[in-house]
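Colleague: Sequence first, predicted coordinates after that:
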Amino acid sequence: MSAARGSTPRERAPEGYDPYAFEPFAVTVDLAVFTVRDERLHVLLVERGQEPYRGAWALPGGFVLPRESSEQAARRELAEETGLSEDTAASLHLEQLRTYSDPDRDPRMRVVSVAYTALVPDLPEPRGGGDAVRAQWVPHGLYGPLAFDHDRILADAHERVGAKLEYSCLATAFCTPEFTLGELRQVYETVWGVDLDRPNFRRKVLATPGFVQAVEGPPRLTGGRGKPAALYRAGAATALHPPLLRPEGRTP
């Protein structure tokens, strides 16, 4: 059988090599998915339907299949356990966070997890799949202890997201394709947990080449008492020069 298109042919193991000389272990993926809903940061959680930790909240994820990469597994699990379409799951911004390999992190066997974090605009209510009873957007911090070491993974992901907002254009991934500067500022305020000065934020955003691009057409009514707000879309830049630093001493 020929190798799959775009893949490297698999070489034979060296003669005399014993693949059973080392204790086998499983590889999983875990997903820390964030969004902004009702002016609050939310995280996607699933209720486990099987032991261990049956009935507990956990991050969506699952085992990597024999012939798929960890990123392929992450997108597959995101679609399966949330009810998102495969096209939607494939379009989301997924970033590899780190690997978690404590020998006792899973009571079933030795399991190494590759964690990913995703930043998404507000999506419809998900529905659980696989071994999950249900999936739900939950306000960040308003839940009890998570299964396995998922509290640690989620904390690491939250810190990563907060830090990346300082020097990258990733905040636009939380927004719809067209957004106001007020909606973009709300992303920063929600993730960082601070109030930002509106004129100063607007000045910094518009002074950064390629951060946002104005949208031609009528402004959007935002529901406030002020005048309609102009619309923008994500620009071509990927990094902020200079960085948009969070207020000193504050962490997400």
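Modeller: Structure received. Numbers count the residues shown, from 1 in each chain.
Colleague: Show the model's pLDDT score for the closest residue to residue 112 other than its chain neighbours.
Modeller: In space, and not counting its chain neighbours, residue 112 is closest to residue 101: 4.6 Å by Cβ to Cβ, 6 or more residues apart in numbering. To be clear about C-beta, it is placed using only N, CA and C from the backbone, and glycine gets the same treatment. On the pLDDT scale, residue 101 is placed at 96.
Colleague: Pop out the phi and psi values for residue 101.
Modeller: phi -130, psi 20 (degrees, to the nearest 10).
Colleague: Distance check, it against residue 66.
Modeller: Separation of residue 101 from residue 66 (Cβ to Cβ, to the nearest Å): 20 Å.
Colleague: Neighbour count: those two, which is higher?
Modeller: The neighbour count for residue 101 versus residue 66, taken as other Cβ atoms under 10 Å, is higher for residue 101 (13 against 5).
Colleague: ok, and what's touching the longest helix anywhere in the chain?
Modeller: As assigned by DSSP state H, the longest helix anywhere in the chain is helix 150-167. Residues outside helix 150-167 that contact it (Cβ atoms under 8 Å, 6 or more residues apart in numbering): 30, 32, 34, 43, 58-59, 95, 97-98, 100, 113, 115, 117, 119, 140, 145-146, 170-171, 187-188, 191-192, 239-240, 243-246, 251-252.
Colleague: now the helix or strand just after that helix, how far from the centre of its chain.
Modeller: Once the chain leaves helix 150-167, the next helix or strand it forms, by DSSP states H and E, is helix 181-192. Distance, stretch centre to chain centre, for helix 181-192: 17 Å (Cα atoms, centre = their mean, to the nearest Å).
Colleague: Could you list the buried residues of helix 181-192?
Modeller: 181, 183-192 (16 or more other Cβ atoms under 10 Å).
Colleague: CA atoms only for it - export them in PDB, please.
Modeller: Taking Å, rounded to 0.1, in the frame of the first residue of the first chain, the C-alpha atoms of helix 181-192 are listed here in PDB:
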ATOM      1  CA  LEU A 181     -13.100  48.800  18.800                       C
ATOM      2  CA  GLY A 182     -15.400  48.600  21.900                       C
ATOM      3  CA  GLU A 183     -15.900  44.900  21.300                       C
ATOM      4  CA  LEU A 184     -12.200  44.400  20.800                       C
ATOM      5  CA  ARG A 185     -11.400  46.300  24.000                       C
ATOM      6  CA  GLN A 186     -14.000  44.100  25.800                       C
ATOM      7  CA  VAL A 187     -11.900  41.100  24.900                       C
ATOM      8  CA  TYR A 188      -8.800  42.500  26.600                       C
ATOM      9  CA  GLU A 189     -10.800  43.600  29.700                       C
ATOM     10  CA  THR A 190     -12.500  40.300  30.000                       C
ATOM     11  CA  VAL A 191      -9.400  38.100  29.700                       C
ATOM     12  CA  TRP A 192      -7.200  40.400  31.800                       C
END
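Colleague: one step back: so which of the contacts of helix 150-167 belong to helices?
Modeller: Of the contacts of helix 150-167, the ones assigned to helices by DSSP H are 187-188, 191-192.
Colleague: Need the residue closest to the centroid of the protein.
Modeller: residue 118 (1.5 Å; Cα atoms, centre = their mean).
Colleague: pretty sure that one is touching residue 29, no?
Modeller: No: with contacts counted by Cβ atoms under 8 Å, residue 118 stays clear of residue 29, the gap being 11.5 Å.
Colleague: and the chain, what are its domains?
Modeller: For the chain, automatic domain parsing gives the domain ranges 26-164, 168-234.
Colleague: Can I get those in CSV including distance to residue 19?
Modeller: Below are those laid out as CSV (distance: least, Cβ to Cβ, whole Å):
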stretch, distance to residue 19
domain 26-164, 13
domain 168-234, 41
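Colleague: quick one: which of the buried residues of helix 181-192 is nearest to residue 227?
Modeller: Distances from residue 227 to these, taken as Cβ to Cβ, are shortest for residue 181 (13.1 Å).
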